[in-house]
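Asks: Kindly return the folded structure for what I paste below:
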Amino acid sequence: METALFDYDLPESFIAQQPAEPRDSSRLLVLHRVDGRIEHRIFREIGDYLRAGDLLVANDSRVIPARLHGRKATGGEVEIFLLRQQDDAGVQWECLVRGRGLREGVKVALTDALEAVVTAVTPAGTRIVEFSEPVHPYLEQLGEVPLPPYITAYTGDRERYQTVYSRPEGSVAAPTAGLHFTPELLIALRQAGVAFDTVTLHVGLDTFKPVESAHVEEHHIHTEWAELSSATARRINDATLARQRIIAVGTTTARTLEWGATGAQGIDPYDAQACPWQRVAAFVGDVNLFIYPGYRFRAIDALITNFHLPRSSLLMLVSAFIGQMHPDDPDAGRQILLATYAEAKREGYRFFSFGDAMLIL
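Replies: Below you'll find the model as predicted:
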């Protein structure tokens, strides 16, 4: 399948630079997968499409202030962008760096007490950086919360780039589908009988990278750390057995749950002979599940998501989810999604991280 098929035109004016206030006042496009029918609503009305017994599952990862600034002994300025923790102590990290001559052995002073040393250059061009002590205690003081590169005009509170239920720190980008929820909306849904649970997936910067290979199948998806607890797995499996819907809040949640149904159990996710509906297994560790058209979802029944970048792996995941309702037409999911995006542009929806939302049923 050609990657170019997942391209679409998006003028910059559609890219949201400010989030909606309040959070749940963003717009909600409701897409019915079976027939491509579209409804235009407000996010706080999402309860009209949920029912008692549904289980919302969200990614509770919290964005860390991952961008740090320092200087080399020569006085040259250096930017260190934390990507992924490499050890339990939080001393060693894979990082993106910006500055001249940042080869192995170069030292960077961040404060009088905190120093960083480049210990390796990876094949991908990132650096392995070792700090003189655990870096986490310094992040609130020294770090900047990284916004996506397409958000250039935001000057608001950095807490607005966190979900209201975020807890464990580790992401360098927000699981943005969850940004639309308010505490009041979550309480109202619970009172209506909609259950809520969480998984954790620490979102990496590669989330924003377009697929660069000519063919989708040639792309190597990035790896991210995730956890699906035994209690959450049991709750999901019980709900599935009771024929209650599992609704993933965001593509990172969807990947985590689908990994629990496939890779975490040693099942090839693209094996046509595998069970069409699989119980999820608890796990802690790396997830590198690339979902594109042809994948059969085993763990989720509905998806809440934002509008995604052209040629992105997230766009391919959403296409696959829509296409599952059209097994006789392998291209139906992509065609329905791009037609939906065209409708969203005509209706003035706002795209990407601070933009509006979709509910895909």
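Asks: Buried ones in the longest helix belonging to the chain, by neighbour count?
Replies: Determined from DSSP state H, the single longest helix within the chain is helix 332-346. For helix 332-346, a neighbour-count test (16 or more other CB atoms under 10 Å) marks Ala332, Gly333, Arg334, Gln335, Ile336, Leu337, Leu338, Thr340, Tyr341, Ala344, Lys345 as buried. Yep, even glycine has a C-beta here, placed from its N, CA and C like the rest.
Asks: Which is the succeeding secondary structure element to it?
Replies: Following helix 332-346 in sequence order, the next helix or strand is strand 357-360 (DSSP states H and E).
Asks: Show me what that following strand is packed against.
Replies: With contacts taken as 3 or more CB pairs under 8 Å, 6 or more residues apart in numbering; DSSP states H and E, strand 357-360 sits against strand 27-31, strand 302-306, helix 313-323.
Asks: which residue ranges form the strands in the stretch 201-350 of the chain?
Replies: Secondary structure of the stretch 201-350 of the chain by DSSP state E, counting those that start in this stretch: the strands cover 224-228, 246-249, 283-287, 302-306.
Asks: do you know which of these lies nearest Tyr150?
Replies: The minimum distance between Tyr150 and the strands of the stretch 201-350 of the chain falls on strand 302-306, with 12.4 Å, by CB to CB.
Asks: Send me that closest one as CSV with only the CA atoms.
Replies: Provided in CSV are the C-alpha atoms of strand 302-306 (Å, rounded to 0.1, in the frame of the first residue of the first chain):
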residue,chain,number,x,y,z
ALA,A,302,-15.1,2.6,19.6
LEU,A,303,-12.4,5.2,19.4
ILE,A,304,-12.2,8.9,20.5
THR,A,305,-9.4,10.7,18.7
ASN,A,306,-8.3,14.0,17.2
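Asks: before we move on, the earlier item: looking at the helices and strands packed on strand 357-360, which is closest to Pro148?
Replies: strand 302-306 (11.2 Å).
Asks: and that closest one, how far out from the chain's middle?
Replies: Chain-centre distance of strand 302-306: 11 Å, with CA atoms, centre = their mean, to the nearest Å.
Asks: do the same with stretch 344-360
Replies: Computed by CA atoms, centre = their mean, the chain-centroid distance of stretch 344-360 equals 16 Å.
Asks: so how far is the first residue of that stretch from its last?
Replies: End-to-end distance of stretch 344-360 (CA to CA, to the nearest Å): 14 Å.
Asks: mind listing what's buried in it?
Replies: Within stretch 344-360, the residues that qualify as buried are 344-345, 349-360, counting by 16+ other CB under 10 Å.
Asks: still on that earlier bit, and the contacts of the longest helix of the chain?
Replies: If you take CB atoms under 8 Å, 6 or more residues apart in numbering as the criterion, helix 332-346 is touched by 5-6, 8, 10, 14, 29, 31, 33, 36, 38, 293, 307, 315, 318-326, 351, 356, 358.
Asks: what lines up beside the longest strand along the chain in the sheet?
Replies: When the chain is parsed with DSSP state E, its longest strand is strand 77-85. Its sheet considered, strand 77-85 pairs with strand 67-72 (antiparallel), strand 92-98 (antiparallel) by DSSP bridges.
Asks: what about the closest residue to Gly263 other than its chain neighbours, distance to Gln265?
Replies: Counting by CB to CB, 6 or more residues apart in numbering, Leu289 is the residue found nearest to Gly263 once chain neighbours are left out, at 5.8 Å. Leu289 sits 12 Å away from Gln265, going by CB to CB, to the nearest Å.
Asks: Of the two, which one has the most company?
Replies: Using other CB atoms under 10 Å, the more surrounded residue of Leu289 and Gln265 is Leu289, with 21 against 14.
Asks: What pLDDT is listed against that one?
Replies: Leu289 is assigned 94 on the pLDDT scale.
Asks: and what of Val63?
Replies: At Val63, pLDDT is 96.
Asks: Buried ones in stretch 107-122, by neighbour count?
Replies: Residues of stretch 107-122 classed as buried by neighbour count (16+ other CB under 10 Å): Val108, Leu110, Leu114, Ala116, Val118.
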